[in-house]
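# Predicted coordinates and the sequence they were generated for:
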Amino acid sequence: MKIVTPRGTVYHKTGKNGAVNTVLKWDPDFDDKWADHYDKAQVFIDNEVLRLSDPYIPMQTGMLKRLGILGTIPGRGEVIWKGPYARYLYYGKLMVGRAPKRLTNTDLTFHGAPKRGALWFERMKKDKLGVIRAGVGKIIGGGTK
């Protein structure tokens, strides 16, 4: 049996006694053909997460949105809304007292709710994952010869 993958070819041969020999031959051009597409796909994903999350992010001054742009380096595979209050807003619970603040069970209320609010990434992902996957498919699909 011969199995051809983008990375190479696997050959299976069954001997007379039932033993199976397997040989994997790597495609020496795999990295040249695909690495650039995977890098572009990661940049696309990171940028799409920022863009598609925008309508879900709590909005009062717009600073939280800017923190995502400032905290993220597209292509690294990590989108970060970096700021002193981003975590509190993400989980949507009131924090009280002096630093370090104490978590309460009181839900925050958000301007633009119900779309804008807590857990914005999770909610965006639920709604828009298909859009991101389709875009990645177009980028990765371009790597075939």
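The structure has been received and is ready for your questions. Numbers count the residues shown, from 1 in each chain.
# how about residue 116, what does it touch?
Going by C-beta atoms under 8 Å, 6 or more residues apart in numbering, residue 116 touches 55-59, 110. To be clear about C-beta, it is placed using only N, CA and C from the backbone, and glycine gets the same treatment.
# Just the buried ones among those residues, please.
Neighbour counting by 16 or more other C-beta atoms under 10 Å classes 56-59, 110 among those as buried.
# Let's have those residues in JSON lines, adding pLDDT, secondary structure and distance to residue 32.
Output for the buried ones among the contacts of residue 116, formatted as JSON lines (pLDDT from 0 to 100; DSSP: H, G, I helix; E, B strand; the rest coil; distance: C-beta to C-beta, whole Å):
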{"residue": "56", "pLDDT": "97", "secondary structure": "helix", "distance to residue 32": "39"}
{"residue": "57", "pLDDT": "97", "secondary structure": "coil", "distance to residue 32": "39"}
{"residue": "58", "pLDDT": "95", "secondary structure": "coil", "distance to residue 32": "44"}
{"residue": "59", "pLDDT": "93", "secondary structure": "coil", "distance to residue 32": "44"}
{"residue": "110", "pLDDT": "94", "secondary structure": "coil", "distance to residue 32": "48"}
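# Now distance to residue 139 too, for those residues, in a markdown table please.
Shown next, in a markdown table, are the buried ones among the contacts of residue 116 (distance: C-beta to C-beta, whole Å):
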| residue | distance to residue 139 |
| --- | --- |
| 56 | 24 |
| 57 | 25 |
| 58 | 31 |
| 59 | 30 |
| 110 | 34 |
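# JSON lines for the contacts of residue 116, including distance to residue 103?
Shown next, in JSON lines, are those (distance: C-beta to C-beta, whole Å):
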{"residue": "55", "distance to residue 103": "27"}
{"residue": "56", "distance to residue 103": "22"}
{"residue": "57", "distance to residue 103": "21"}
{"residue": "58", "distance to residue 103": "17"}
{"residue": "59", "distance to residue 103": "23"}
{"residue": "110", "distance to residue 103": "17"}
